[in-house]
Structures are given as structure tokens and as C-alpha cells.
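Visitor: fold the following, please.
(chains A, B, C and D)
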There are 2 protein chains.
Amino acid sequence: MSDKIIKTFKNAETEKISHLDYFNIAVSVDCVILGYEDKQLKVLLIKSDLEEFSGLNSLLGDLVRPDEDLDEASYRILRERTGLNDVYLEQVQTFGRIGRHPSGRVITTAYFSLLDLHHHQLRINQNDLHWHPIHKIGKLAFDHKDILESCLHRLRQQVLERPLIFSLLPEKFSLRQLQEVYEAILGTELDRRNFRKKVSLKDWLVDLNEMEEDVPHRPGKLYKLNPALKKRLRAIFKVV
Amino acid sequence: MSDKIIKTFKNAETEKISHLDYFNIAVSVDCVILGYEDKQLKVLLIKSDLEEFSGLNSLLGDLVRPDEDLDEASYRILRERTGLNDVYLEQVQTFGRIGRHPSGRVITTAYFSLLDLHHHQLRINQNDLHWHPIHKIGKLAFDHKDILESCLHRLRQQVLERPLIFSLLPEKFSLRQLQEVYEAILGTELDRRNFRKKVSLKDWLVDLNEMEEDVPHRPGKLYKLNPALKKRLRAIFKVV
DNA sequence: GTTTAATGTGTTTCAGGTACATATTTGTAT
DNA sequence: ATACAAATATGTACCTGAAACACATTAAAC
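Guide: Residues are numbered from 1 along each chain as shown, chains lettered A, B, ... in the order given. The predicted structure is shown next:
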């Protein structure tokens, strides 16, 4: 990856391999934007406007601009579509099958992010955007079902080790709520006592000394994410 | 990722965003090809022929051809450079900073592979290709140091859980050799007894009922990778 | 044959995870 | 007011896997 490109730039006319031969692959980014509502993990989808995929939904994506970093493109999409900046985004995998886009050769890099579906700053402007429960998703446009699966797989792998999950929840939450999110992501039931023990052993939570309100049962304590951790997360993941 | 490209294809003349604006990002693949020799993990590097990086080494990579899958490109590079087909390759991460390539906008997807440095089919033809011990590598061209690190990180994460390591070794190997490879990758010393116990609990190995020869000490038993596992690996990782 | 250096096989200990039970607090219905 | 239902909150016993550690055995080298 250095000799060829030189030739491409300098001898485009004389070489068999011309500039356009190589520079005709488009690069896009697709975001798996996940939220949590009604004890379900949901993903933000948009109706595909390609004839080939009429009636199907697709992930939120866009072509990468020549003057923006790959990562930046994913933040831009998230910002444009949700109005949110302060959100964790992680690159997962790049999909580059020849025939994956009907209009031409497009390779795409998949990112996932978790956000609070009820965040006050959240602006889902377009009415063709919708939150879909992940276990009720059928066919998607392009190879987006594969992309979704790979992101969910990554999420499930990491969610127990790293404090990712809190972006899905409001600022204040109870341990029951937290557990329900884990159960929605992992697709399993967890033992309440063991779950609490495990969480309390990590330094992820801060007891707010407040109680739930307006719940039809005994209210539980409220917690928030450890602010020190929040800072560290920002630094590590370069959240804008 | 669907509306924009439609416009790009259909209304290139009338839209502000022209075809060439988007189709001027080149896509490349870089391979971190790892081998094992003299109790060291080594990576296959090539002298960079870019003036900007004169004197520096770089990973083996190439532009992706418009008519080949992204994954296929990585296999092609491996084949062209080593003569080997039957090798495990895994996509790790895509690097897309604007300024990462001095000659233009190029995003690159990193793959790593492990192979037996003394394999009889191995053909390192070009004399500007060299195996470098990974802990003696200084600056590399482009962002290839970052790419190398991310691949090594992935390798270290997975090597204890998945039977990847065997591609680094000859067909027949002793438990000591196997342990030495693990130690080279992880950069730590392992307890011999615990290591053997751990390995024997997995179904990775088959006892060949043969002994080492020409070793200056008591010879150890020889093992090979469980053939059933080999088949499974081929299926999973689509090794050509 | 004695020494040396590696192979080959336990046992003990400790930490983390899983399974499981009981007391407490609040809301709700009577 | 009282009884009941439902969820919170906390503790213990058991099991599994990892880590620390010791000794007998085999073959090469002298």
C-alpha cells in the first residue's frame, strides 16, 4: 500500500491502472443507534428510499466526506439524526462485499452507540425515523441485518466488562432498571441478588440517597454513574 | 446511506455534491502478518518506497480492487507476498484519519494473520521484505504502528479463548513450544503446570504418540491441532 | 554411573460465580 | 386500621476455575 498509489497519482495516464479504477469505491458509515424503552432494546431505523429495498428499513448512514475523519463521520450522522453530541460511539467492523450496495461499490464501516431514548435533547426530526425493538426486526435493506448483528454481538461481549450501558438510562436510575437493561441486551434473566453484588463490586455507581417516586410498589434507591468514571469514559472514547 | 448516493449517481451534474467529490477516497487493506521464530513474535514488513517515509518500514498492504471483496483483498495480499493460501485472517479495525496517507485520502482496513515462518510453502520473494521482532520495532510509515498495536491487542485478547495460535507452529509441536509461543504473544511467563492443565481441558490437541528429536534434553511428547477443530476453523473463518 | 535439565503429574489455596432464603418496606384492597 | 401483595435489601452455602506450589521421572551429557 504505497507503490501502487504513487503510480496512481503520478502516472495515471501511462499505467493500465488509472486513477478512476481505484478511486471509484465509495466509503460510508452506518450507525447502529440503540435505545431502551419498555424493557426492550430498540434500534433507530429509517425507511429505505432505494427502489430495490422498497418497504425495508435501513440503518442510519451516510457517505464519508473527503474532508472528515472516518470516526467524525459517525459523530456527524449521530448529531444530524438525533441532535446529540455527548454520546459514546464505537467502531465495530467494516463491510466490503462487492455486491452489498445495488447502486455501486460502497464499503461501509459500522459503529454502534447507546443513548437515552427519552433524553430531553433528543430530536428525532424526520418522521420516517423510528425506533424498532431489536427482537422484532425482520429483513433490513443492504446487509444491514448482518451489521446490526455484529454490533449487538460486540455490545453483548463488552457490556459486562465495561460501563457502557449507562448511556441508555436517564441520569438517575434504580438497580432494578439497570438490571432490566442488562436483561434486555443479553436476552437472559439475571439473579437479582447476584446482579447487585456484581455491580456493587465495581466502582461504577454512586448512591444518590434518593428514592424512586411514582412506582406502584416499594420504591428503590436511586443511583447515578460514578462521575469519575464518566470523565474517564470521555477521555478514552473521545466523546465529543 | 442511500439517498445521497442515489443523487450522486443520478444527478451528478445538477447536485452540489458531484460524483468525484465522494468517489475520491481510496480504500486499502493492510495486513499484520505474524510469525514466530527464536522465541519471538515477528511481523512481516517492507521498506516504504514513499519519499515521505524513506528509511521506514511499513505493513504489507494494497489498494482494494473495485472487483474484489474487502476480505478477498487481504487474502490476495497474503498470497502475493507469502505464497500461502491456507491461513487464518481476521479483520480488526479500519483507520480513516484524513491525513494518514501523504499522497491522498486513503482509508485502510487492518487484518492480522498468523503463519508458520518456516512453512515449506512460504515464499518471501522480494528481498525488501523482512521479519521484524515486534518488540524491536521503532517508527513505522503511515499510522502503521497504531495498526500493528491494535492487531496485537486483538490477538492478545483472543489467543487464550480461541485456537488461533497453532498456525504459528509447525504441524507437530511440543507443549513447551506451545507455551513459549503464548509467552511471546502475551509478554508474560506462564506456569508450566497450570498451562498444561488449561490446554488439556480444551479439546484443542491430539497426542501424536511421538517424541521430540534432536533436543539437548529429555524429549517431550509431540502434539498436533485437533483435526476436527481445524475443519471447524476453516468453516468459521472462511480460510481459502 | 553420576549429574543435569527438562518432562510429566498432582495438591492446596483462593477468588469469583451461582444457587438459594429470609426479613423489610411500601402501596393497595378490604 | 389491618391484612395482603409485591418489590426492595441483604446474607450464606456451594461449586468451579485460576493461581501457587512440589516431587517423581526420563534422557542427554559428562
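Visitor: going by C-alpha atoms from here, please, whenever you check contacts or count neighbours.
Guide: Noted.
Visitor: quick check: the most centrally placed residue in chain A vs A:Leu78, distance?
Guide: In chain A, the residue lying closest to the centroid (CA atoms, centre = their mean) is A:Phe112, at 2.1 Å. Separation of A:Phe112 from A:Leu78 (CA to CA, to the nearest Å): 10 Å.
Visitor: how does chain A divide into domains?
Guide: For chain A, automatic domain parsing gives the domain ranges A:3-158, A:171-237.
Visitor: quick one: is the last one near DNA strand D?
Guide: Yes: applying CA under 7 Å from any atom of the strand, one finds domain A:171-237 touching DNA strand D at A:Ser174, A:Leu175, A:Arg176, A:Arg192, A:Arg193, A:Asn194, A:Arg196, A:His217, A:Arg218, A:Pro219, A:Gly220, A:Lys221.
Visitor: which stretches of chain A form helices?
Guide: Assigned by DSSP state H, the helices in chain A fall at A:3-10, A:19-22, A:70-82, A:144-158, A:175-186, A:192-201, A:227-237.
Visitor: on that earlier part again, of the residues of domain A:171-237 next to DNA strand D, buried ones?
Guide: A:Ser174, A:Leu175, A:Gly220, A:Lys221 (16 or more other CA atoms under 10 Å in any protein chain shown).
Visitor: so which of these also contact DNA strand C?
Guide: Answer for these near DNA strand C: none qualify (CA under 7 Å from any atom of the strand).
Visitor: for these, give me CSV that also has distance to B:Gly55 and pLDDT.
Guide: Shown next, in CSV, are these (distance: CA to CA, whole Å; pLDDT from 0 to 100):
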residue, distance to B:Gly55, pLDDT
A:Ser174, 58, 97
A:Leu175, 57, 97
A:Gly220, 64, 96
A:Lys221, 62, 96
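Visitor: take the residues you listed and keep only those in strands.
Guide: Among these, DSSP state E puts A:Ser174, A:Lys221 in strands.
Visitor: name the residues of chain A found near DNA strand C, please.
Guide: A:Asp191, A:Arg193, A:Asn194, A:Lys198, A:Val215, A:Pro216, A:His217, A:Arg218, A:Pro219.
Visitor: will you turn these into CSV that also has pLDDT?
Guide: Listed next are the residues of chain A next to DNA strand C as CSV, based on pLDDT from 0 to 100:
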residue, pLDDT
A:Asp191, 97
A:Arg193, 97
A:Asn194, 97
A:Lys198, 95
A:Val215, 90
A:Pro216, 89
A:His217, 91
A:Arg218, 93
A:Pro219, 95
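Visitor: which pair in the residues you listed spans the largest distance?
Guide: A:Lys198 and A:Pro216 (26.7 Å; CA to CA).
Visitor: just the CA trace of stretch A:198-210, in PDB.
Guide: Extracted in PDB, the C-alpha atoms of stretch A:198-210 (Å, rounded to 0.1, in the frame of the first residue of the first chain):
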ATOM      1  CA  LYS A 198     -21.600  -7.900  41.000                       C
ATOM      2  CA  VAL A 199     -22.400  -4.300  40.300                       C
ATOM      3  CA  SER A 200     -21.600  -3.100  43.800                       C
ATOM      4  CA  LEU A 201     -18.100  -4.700  43.500                       C
ATOM      5  CA  LYS A 202     -17.300  -2.400  40.600                       C
ATOM      6  CA  ASP A 203     -17.000   1.300  41.300                       C
ATOM      7  CA  TRP A 204     -19.500   2.200  38.700                       C
ATOM      8  CA  LEU A 205     -22.300   3.600  40.800                       C
ATOM      9  CA  VAL A 206     -22.900   6.400  43.200                       C
ATOM     10  CA  ASP A 207     -25.700   6.200  45.700                       C
ATOM     11  CA  LEU A 208     -27.800   9.300  45.400                       C
ATOM     12  CA  ASN A 209     -29.700   8.800  48.700                       C
ATOM     13  CA  GLU A 210     -32.900   9.400  46.900                       C
END
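Visitor: quick check: longest strand of chain A.
Guide: Assigned via DSSP E, chain A shows its longest strand as strand A:26-37.
Visitor: name the strands paired with that one and say parallel or antiparallel.
Guide: According to DSSP bridges, strand A:26-37 forms sheet pairs with strand A:40-47 (antiparallel), strand A:60-63 (antiparallel), strand A:106-114 (parallel).
Visitor: so which of these comes closest to DNA strand D?
Guide: Closest to DNA strand D of the strands paired with strand A:26-37, according to CA to the nearest atom of the strand: strand A:40-47, at 16.9 Å.
Visitor: which other residues reach the closest one?
Guide: Applying CA atoms under 8 Å, 6 or more residues apart in numbering or on different chains, the contact partners of strand A:40-47 are A:32-36, A:55-60, A:128-134, A:181, A:184-185.
Visitor: pull out the buried members of those residues.
Guide: A:32-36, A:56-60, A:129, A:131-134, A:181, A:184-185.
Visitor: what angle separates the longest strand of chain A from helix A:70-82?
Guide: 50 degrees (axes from the mean of the first three to the mean of the last three CA atoms, to 10 degrees).
Visitor: may I have strand A:26-37 exported as PDB, CA atoms only?
Guide: What follows is strand A:26-37, C-alpha atoms only, in PDB (Å, rounded to 0.1, in the frame of the first residue of the first chain):
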ATOM      1  CA  ALA A  26     -17.300   5.000  -2.100                       C
ATOM      2  CA  VAL A  27     -16.900   4.900   1.700                       C
ATOM      3  CA  SER A  28     -19.800   5.100   4.000                       C
ATOM      4  CA  VAL A  29     -20.500   4.800   7.700                       C
ATOM      5  CA  ASP A  30     -23.600   3.100   9.200                       C
ATOM      6  CA  CYS A  31     -24.600   3.700  12.800                       C
ATOM      7  CA  VAL A  32     -26.500   1.200  15.000                       C
ATOM      8  CA  ILE A  33     -28.100   3.600  17.400                       C
ATOM      9  CA  LEU A  34     -29.600   1.800  20.300                       C
ATOM     10  CA  GLY A  35     -32.000   3.000  22.900                       C
ATOM     11  CA  TYR A  36     -34.000   1.300  25.700                       C
ATOM     12  CA  GLU A  37     -37.800   1.600  26.300                       C
END
